[in-house]
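Enquirer: need coordinates for the following:
(one chain, ligands or ions: 1)
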Amino acid sequence: PIEIAMSTSFGTKNVLELAAETDSRVLLASTSEVYGDPEIHPQRESYNGNVNIRGLRASYDESKRLSEALAVAYHRNHDVDVRTVRIFNTYGPRMRPDDGRVIPNFVTQAINDQPITVHGDGSQTRSFTYVDDLIRAFRMYMLKDGLNGEVINVGSQKEITILELAETVLDTIETDSQITYVGRPEDDPERRQPDITRAQELLGWNPEISLSEGLAETAE
Ligand code: UDP
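Expert: All right, here's what the predicted structure looks like:
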């Protein structure tokens, strides 16, 4: 957690300094984690979030929030052309199978006929975005003039429970795996769904790849 906080904050500062020196356009890859465990649904960019400042995820969440504050400051004070994107749970081919996130875990477990480890009762939700949809949004955002200093959510609006995700994985991949229920980590956000009105209005962007298509590509 300490390295995460340092690389996220000082790392972002280094990039913003370089951008100021070289007059470069910057994409800040922020995260839905800046909303913490959100109290409003769906989350729009104007929502200031509900991060537990002493929680298990705090060093990540708070340093990402600081990186956004730095982006705004460099934009205001040094005229840096920085565009911030809040990325919601993204997945796709070439994720590290052992990176610990839910889709690499479930897909790897299904491929190896191991139990699918649902945390808690699986009623918590996420909105999963296929990587190609995300990258298409990045390109549109970065190639369009006049979006200096903006922030947009990018993610799928299709909110599903983790149990539904497990069932979709079982329907998509041929496997003998079965669902098993294990302990839920502390401070695990309950619900998450982006309001993408802004990305739709500013970029004309919408996600196109369904979860089952994306999961099949990922498993392959
Ligand atoms: N999760 C799960 N089983 C796993 C890994 C994760 O049920 O093997 C759950 C986790 O508790 C969370 C959701 O899946 O509710 C998404 O977790 P992930 O770490 O992928 O992303 P994040 O919590 O950062 O959105």
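Enquirer: how about the residues of the chain by the ligand?
Expert: Residues of the chain lying close to the ligand (CB under 6 Å from any ligand atom) are 89, 101-102, 105, 117-119, 124, 126, 162, 184-185, 188. Where you see a C-beta, it was placed from the backbone N, CA and C, and this is true even at glycine.
Enquirer: mind running it again at 8 Å?
Expert: By CB under 8 Å from any ligand atom, the part of the chain that sits against the ligand consists of 32-33, 57, 89, 100-103, 105-106, 109, 116-120, 122, 124, 126, 162, 165-166, 182, 184-185, 188-189, 192.
Enquirer: can you give me the helices in this structure?
Expert: 2-22, 58-78, 102-111, 131-143, 162-172, 197-203, 211-219 (DSSP state H).
Enquirer: which one, of those, ends up nearest to residue 37?
Expert: helix 58-78 (9.8 Å; CB to CB).
Enquirer: hang on, the earlier thing: please indicate which of the residues of the chain next to the ligand are buried?
Expert: With burial judged by 16 or more other CB atoms under 10 Å, the buried subset of the residues of the chain next to the ligand is 32-33, 57, 89, 102-103, 105-106, 109, 116, 118, 122, 124, 126, 162, 165-166, 189, 192.
Enquirer: which residues sit in contact with the most centrally placed residue in the chain?
Expert: Nearest to the mean C-alpha position of the chain, by CA atoms, centre = their mean, lies residue 88 at 3.0 Å. Contacts for residue 88 were tallied using CB atoms under 8 Å, 6 or more residues apart in numbering; they are 32, 126-129, 153-156, 192-194.
Enquirer: now, which of these sits nearest residue 205?
Expert: residue 154 (7.3 Å).
Enquirer: hmm, what's the outermost residue in this structure?
Expert: Most peripheral residue of the chain (CA atoms, centre = their mean): residue 176, 29.9 Å.
Enquirer: about what we covered before: can you put the helices of the chain in JSON lines and add mean pLDDT and distance to residue 44?
Expert: Putting the helices of the chain into JSON lines (pLDDT from 0 to 100; distance: least, CB to CB, whole Å) gives the following:
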{"stretch": "helix 2-22", "mean pLDDT": "97", "distance to residue 44": "23"}
{"stretch": "helix 58-78", "mean pLDDT": "98", "distance to residue 44": "15"}
{"stretch": "helix 102-111", "mean pLDDT": "97", "distance to residue 44": "24"}
{"stretch": "helix 131-143", "mean pLDDT": "98", "distance to residue 44": "16"}
{"stretch": "helix 162-172", "mean pLDDT": "97", "distance to residue 44": "23"}
{"stretch": "helix 197-203", "mean pLDDT": "98", "distance to residue 44": "7"}
{"stretch": "helix 211-219", "mean pLDDT": "96", "distance to residue 44": "23"}
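Enquirer: what's the most buried one of those helices?
Expert: helix 102-111 (a mean of 20; mean count of other CB atoms under 10 Å).
Enquirer: what sits up against that one?
Expert: 89, 91, 95-98, 114-117, 126, 128, 162, 165-166, 169-170, 173, 175, 177, 215, 218-219.
Enquirer: what do you get for stretch 135-148?
Expert: Here stretch 135-148 makes contact (CB under 8 Å, 6+ apart) with 25, 27, 75, 81-83, 85, 150, 152, 154, 199, 202-205.
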